[in-house]
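Asks: With the input below, show me the fold.
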Amino acid sequence: MANKPTIILIAFLAGAAIFALAPGLSTGVQRTLGIGSQTRPAAAAKPAAPEPSVRSLTMNEERIELAQIELRSVGSATVAKRLAVPGTIVPDAARVAHISVKLSGTVAELRKNIGDDVVKDEILAVIESREVAEAKSEFLAARLSNELQQDLTARDKSLLEGRAIPEQQYIRSRNAAAQTAMRFGIARQKLLALGVRDDEITELPQAPDASLRSQNVRATISGRIAERKVELGAAVGRDNLETELFVVVDLGRVWVELSVSSPDLPMIREGQSVAVTLRGFPDATTGRIVFVSPLLDKETRTARVIAAIDNADGRWRPGSFITAAIAIEEHQAGVVAPISAVQTVDGRKAVFMRTKDGFETRDVVLGQRDGPSVEIVSGLEAGEIIAVSNTFSLKAELAKPSEED
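Replies: The predicted model follows:
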């Protein structure tokens, strides 16, 4: 039988447990006894995100001009996802002319030199040639013979109508006229084949005899002389002699030659827009793809792609290495701004909007970037005026302590 002190202790603990579980018992007693539900403290409430703050800068027109801050109204534009491909500037194949001679002779005059600008049909050089002298003499003789025979045939026809000559004589005269006309035509075609123009052939009967041995070499396109391959007095023509005298190139439009890998080819098609940047220079221009080769290079497994760009100022020199960004997906964005207009202010992307007193910051949400431009998803409306250059100086002004500080 348990001893009496043990029984008393067990009874005391049982009574304490019943008392602690009774309704209305304080939680402090329950915690002291180690019983009851353990209620966790409520989690601290998450602080609300701070509202976007608008910060202002006071700046008049004079200060804006001195700071060279450019202002621009934003609006909608096309934004593209682009594929970057390296390439090379090459001349447009349709704008390169190799000026050659079609006869043998000697260079008597060189009127243009390398680097000179020329226009179509301008005389570049003069060749003296026995071959062209013989061809011109043959043409003049055939022309004279033909004119005389045509006059005789016309006379015989009138005599036949008056029954002054037999018909057989008129038939012989008519056959002779046909033969002289044919020889005259052949002599003319020979001159054309040697490079003599129609207007030069027409002027031959009035030309001085000394000019019969001369042949003008003319530019076939307008452009600039890129190469001159002969010197004064050089023999040119057939029999392993130089026939090409000049190379004229029109660089008003050039090609961009690209090599596109086979996995990217399904995204490339003729007519796509291309943004071209010259390595080491910030300026860019745009063009269009004009050719996509259906063949792959057997070694590199790439396809040749050609884009055409305007080059009126001559800035894009053949041989230059460039980077081309091909627009593979395009969409119309409601508001587009230059990426130079966007700064990070207080941890947020923001632009500086023009106000009557200066500028105020406007938080923006950026979308897709396209080269020097970026889509503004929210924060700006079309037509609003913002600073687009030297915006870092505006950000620096914000960082300066104010007079109140």
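Asks: Got phi/psi on residue 243?
Replies: phi -110, psi -20 (degrees, to the nearest 10).
Asks: Figure out how far stretch 380-397 is from the centre of its chain.
Replies: Taking CA atoms, centre = their mean, to the nearest Å, one finds stretch 380-397 lying 29 Å from the centre of the chain it belongs to.
Asks: buried ones in the host helix or strand of residue 322?
Replies: Element membership for residue 322, per DSSP states H and E: strand 321-338. Residues of strand 321-338 classed as buried: 322-328, 333-338 (neighbour count, 16 or more other CB atoms under 10 Å). Glycine gets a C-beta too; all of them are placed from N, C-alpha and C.
Asks: next one: stretch 209-216
Replies: Of all the residues in stretch 209-216, those buried under the rule 16+ other CB under 10 Å are 212, 213, 214, 215, 216.
Asks: Which one of the residues you listed is nearest to residue 191?
Replies: Nearest to residue 191 among the buried residues of stretch 209-216 is residue 215, at 9.7 Å by CB to CB.
Asks: Could you pull out the strands in the stretch 301-405 of the chain for me?
Replies: Remark: strands assigned in the stretch 301-405 of the chain by DSSP state E, counting those that start in this stretch are 302-310, 321-338, 343-345, 348-354, 358-363, 365-370, 373-378, 385-387.
Asks: Strand 321-338 and the fourth one, what's the angle between them?
Replies: What that stands for is strand 348-354. 70 degrees (axes from the mean of the first three to the mean of the last three CA atoms, to 10 degrees).
Asks: Which residues outside stretch 206-222 are in contact with it?
Replies: By CB atoms under 8 Å, 6 or more residues apart in numbering, the list of residues contacting stretch 206-222 from outside reads 95, 97, 99, 101, 103, 105, 108, 118-130, 132-133, 136-137, 194-197, 200, 204, 245-246, 248, 250.
Asks: Write the PyMOL selection for whichever of those are buried.
Replies: Those of those that count as buried under 16+ other CB under 10 Å are selected in PyMOL with:
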select buried, resi 95+97+99+101+103+105+118+124+125+126+127+129+132+133+136+194+195+196+200+204+245+246+248+250
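Asks: Below-threshold pLDDT in the stretch 201-350 of the chain: ranges please.
Replies: For the stretch 201-350 of the chain, applying pLDDT under 70 flags the ranges 240, 282.
Asks: for residue 69, phi and psi?
Replies: phi -100, psi 120.
Asks: how close does it get to residue 384?
Replies: For residue 69, the distance to residue 384 (CB to CB, to the nearest Å) stands at 16 Å.
Asks: Mind checking which of the buried residues of stretch 209-216 land in strands?
Replies: Of the buried residues of stretch 209-216, the ones assigned to strands by DSSP state E are 214, 215, 216.
Asks: What is the nearest of the residues you listed to residue 377?
Replies: Once CB to CB is applied, the member of those that ends up nearest residue 377 is residue 216, at 65.3 Å.
Asks: So residue 234 sits against residue 243, correct?
Replies: No: contact criterion CB atoms under 8 Å: residue 234 and residue 243 do not qualify, at 11.5 Å.
Asks: which non-adjacent residue is nearest residue 56?
Replies: Leaving aside its sequence neighbours, residue 56 sits nearest to residue 360 (CB to CB, 6 or more residues apart in numbering; 4.6 Å).
Asks: and the most centrally placed residue in the chain, what element?
Replies: Taking CA atoms, centre = their mean, the centroid of the chain lies closest to residue 287, which sits 3.1 Å from it. Per DSSP H and E, residue 287 falls inside strand 284-296.
Asks: what does that strand rub up against?
Replies: With CB under 8 Å, 6+ apart as the test, strand 284-296 has contacts from 255-256, 260, 262, 265, 268-277, 302-310, 316, 326, 371-372.
Asks: what about 7 Å?
Replies: 256, 262, 268-277, 302-309, 371 (CB atoms under 7 Å, 6 or more residues apart in numbering).
Asks: Got a quick ChimeraX command for the buried subset of these?
Replies: In ChimeraX, a selection of the buried entries from these looks like this (16+ other CB under 10 Å):
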select :256,268,272,273,274,275,276,277,302,303,305,306,307,308,309,371
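Asks: ok, the nearest residue to residue 376 once chain neighbours are set aside - contacts?
Replies: Counting by CB to CB, 6+ apart, residue 376 lies nearest to residue 335, which is 4.2 Å off, once chain neighbours are set aside. Residues in contact with residue 335 (CB under 7 Å, 6+ apart) are 74, 75, 76, 376, 380, 381, 382.
Asks: any chance of those residues in JSON lines, plus pLDDT?
Replies: Shown next, in JSON lines, are those (pLDDT from 0 to 100):
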{"residue": "74", "pLDDT": "89"}
{"residue": "75", "pLDDT": "89"}
{"residue": "76", "pLDDT": "88"}
{"residue": "376", "pLDDT": "91"}
{"residue": "380", "pLDDT": "89"}
{"residue": "381", "pLDDT": "89"}
{"residue": "382", "pLDDT": "89"}
